[in-house]
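J.: Need coordinates for the below:
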Amino acid sequence: MRVINFRKKFDQFDELWSPRIIAQMNDNDFKLVRIKGEFEWHSHSDTDEVFIVLDGQLVLEMRAGAVTIGSGEMFVVSAGVEHRPVAEEECRLLLIEKQGTSNTGDQPGAGKGKVGIPA
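T.: This is a model prediction of the structure:
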């Protein structure tokens with residue numbers, strides 16, 4: 001058993017748009033990520049994606065509209081929904097995704113986010 005401290009984990013990396021796996025449960029990864037600016041439009045055809053804002057503000061643009069998520073709030077993007085995360089200032093997130101999910105979704109790309117952070 002171990003307690004995971006988000007602040008200490010964030011202190012271990014500075015890269016933007018590079019999710020880091022901090023825990024796994026059943027078939028899900030828990031990932032911390034720092035974001036700023038705009039990401040690419042993408043979707044995940046076979047899985048939902050959970051965005052939990054730990055610090056800052058996130059705008060999730062979707063083709064049907066946008067939702068703003070503040071610190072202490074979360075939003076679930078349903079499987080197949082095309083979306084694009086945007087943050088004017090640095091935003092720190094906890095993502096919950098099915099194991100092996102690429103952060104570029106069904107779009108071609110490097111799919112960063114498979115690197116863990118030491119305990």
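J.: Would you confirm that residue 19 contacts residue 95?
T.: Yes - at 5.9 Å, residue 19 counts as touching residue 95 under the criterion of Cβ atoms under 8 Å. To be clear about C-beta, it is placed using only N, CA and C from the backbone, and glycine gets the same treatment.
J.: what residues are up against the closest residue to residue 66 other than its chain neighbours?
T.: Nearest-residue entry for residue 66: residue 59, 5.5 Å, with adjacent residues in sequence omitted and distances by Cβ to Cβ, 6 or more residues apart in numbering. Listed by Cβ atoms under 8 Å, 6 or more residues apart in numbering, the contact partners of residue 59 are 66, 67, 68, 69, 85, 86, 87.
J.: Go through those residues and say which is closest to residue 12.
T.: Taking Cβ to Cβ as the measure, residue 12 lies nearest residue 87 of the contacts of residue 59, at 20.3 Å.
J.: Check which helices and strands the helix or strand hosting the closest one sits against.
T.: In this structure, residue 87 is located in strand 83-98 according to DSSP states H and E. Judged by 3 or more Cβ pairs under 8 Å, 6 or more residues apart in numbering; DSSP states H and E, strand 83-98 is in contact with helix 6-10, strand 28-38, strand 49-55, strand 57-62.
J.: how far away is the residue nearest to residue 66 from residue 27?
T.: 29 Å (Cβ to Cβ, to the nearest Å).
J.: can you check residue 34 too?
T.: Using Cβ to Cβ, residue 34 is found at 25 Å from residue 27.
J.: which stretch among the helices and strands packed on strand 83-98 comes nearest residue 77?
T.: strand 49-55 (4.7 Å).
J.: what bridges to the most centrally placed residue in the chain?
T.: With distances taken as Cα atoms, centre = their mean, residue 95 lies nearest the centre of the chain, 3.8 Å away. When bridges are called by DSSP bridges, residue 95 pairs up with residue 31, residue 51.
J.: Look at it and report its pLDDT.
T.: Predicted confidence (pLDDT) for residue 95: 97.
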